[in-house]
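> Sequence first, predicted coordinates after that:
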Amino acid sequence: MRTLSLSIAVLFFCAGCSDDGGPGPTGDGPVVQTDGATHDGPGHDGPGATDKGPLQPDINVPPGCVKECVEFYDFLCVKDPASGNCEACLNDSHCKNNPRSDGPICDTANQMCVCNQTSDCASATTGLKCLMVGNYKMCTCDTDTDCPAPYTICDGTLIKRCVKRCTTDSNCTKGGFTGTCDTGTGKCSYPDF
């Protein structure tokens with residue numbers, strides 16, 4: 001097992017991915033299939049290219065977001081009407097209304113939420129710093145001190161995000177994946193896919 005996160009990082013970025021969830025042409029933008037297909041990070045230059053694993057679940061569905069998408073990964077909000085895939089955003093309101101978005105601004109070309117400066121992240125639960133992650137600026141964290149309660153753990157490999165401390169294995173189920181809670185660190189670990 002390896003420890004994964006999201007913090008976001010469990011992002012799957014790939015505009016132009018194939019319809020079966022596998023890698024497609026090089027591109028950027030989150031694409032996550034919700035049909036039970038294998039969810040691998042595509043091999044390209046965007047954030048989350050090889051990071052995999054589910055987020056800890058949140059209970060509330062933000063206004064304007066689709067329950068199916070938020071329950072799969074909390075940074076996702078809406079279905080793209082053209083592809084049917086869950087995406088972070090189609091417009092700024094999806095980013096502003098979802099407290100687990102990676103910034104208040106929708107990069108509509110890539111259907112992902114981004115930030116321009118650290119002040120954009122003042123109320124972000126994913127992290128209080130606006131940092132470059134791959135080719136994008138996202139609300140993220142360097143250490144646990146960059147995380148607002150109750151998301152007190154800065155976790156991730158390619159993309160760090162603030163996540164809730166796990167206390168049981170049931171806290172480590174998201175998007176159809178089940179992990180194991182390390183109660184000492186408060187982090188979930190997931191099997192390699």
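Cool, got the structure. It should be emphasised that the depicted structure is a prediction, and the values quoted were computed from it without experimental measurement.
> who touches residue 118 in this structure?
128, 129, 130 (Cβ atoms under 8 Å, 6 or more residues apart in numbering). To be clear about C-beta, it is placed using only N, CA and C from the backbone, and glycine gets the same treatment.
> top of those residues by neighbour count?
residue 130 (22 neighbours; other Cβ atoms under 10 Å).
> Assign that one to one of the three secondary structure states.
Classification of residue 130 using DSSP: H, G, I helix; E, B strand; the rest coil returns strand.
> Cross-check the contact I'm expecting between it and residue 139.
Yes. With contact defined as Cβ atoms under 8 Å, residue 130 counts as touching residue 139 (5.9 Å).
> intersection of neighbour lists for those two?
Shared contacts of residue 130 and residue 139 (Cβ under 8 Å, 6+ apart): 103, 115, 120, 121.
> got the contacts of residue 118 as a markdown table, with distance to residue 85 columns?
Below are those laid out as a markdown table (distance: Cβ to Cβ, whole Å):
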| residue | distance to residue 85 |
| --- | --- |
| 128 | 29 |
| 129 | 28 |
| 130 | 26 |
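> Return the member of the residues you listed nearest to residue 77.
residue 130 (19.3 Å; Cβ to Cβ).
> Excluding covalently adjacent residues, which one is nearest to that closest one?
Of all residues not flanking residue 130 in the chain, residue 115 sits nearest, at 3.9 Å (Cβ to Cβ, 6 or more residues apart in numbering).
> The one you found contacts residue 133, correct?
No. Using Cβ under 8 Å, residue 115 is not in contact with residue 133, being 10.3 Å away.
> can you tell me how far the closest residue to residue 186 other than its chain neighbours sits from residue 72?
Nearest non-adjacent residue to residue 186, counting by Cβ to Cβ, 6+ apart: residue 165, 3.3 Å away. Here residue 165 is placed at a distance of 21 Å from residue 72 (Cβ to Cβ, to the nearest Å).
> Walking through the protein, point out its helices one by one.
67-72, 92-97 (DSSP state H).
> which of these sits most buried?
Mean neighbours per residue, mean count of other Cβ atoms under 10 Å, is largest over those for helix 92-97, with a mean of 19.
> I'd like to know which elements it is packed against.
Secondary-structure packing of helix 92-97 (3 or more Cβ pairs under 8 Å, 6 or more residues apart in numbering; DSSP states H and E): strand 105-107.
> What are the contacting residues of the strand it packs on?
29, 88-92, 94-95, 112-116, 120, 136.
> repeat that with 7 Å
The contact list for strand 105-107 (Cβ atoms under 7 Å, 6 or more residues apart in numbering) reads 89, 90, 91, 92, 94, 95, 113, 114, 115, 116.
> Sort out which one of these lies nearest residue 178 for me.
residue 113 (26.8 Å).
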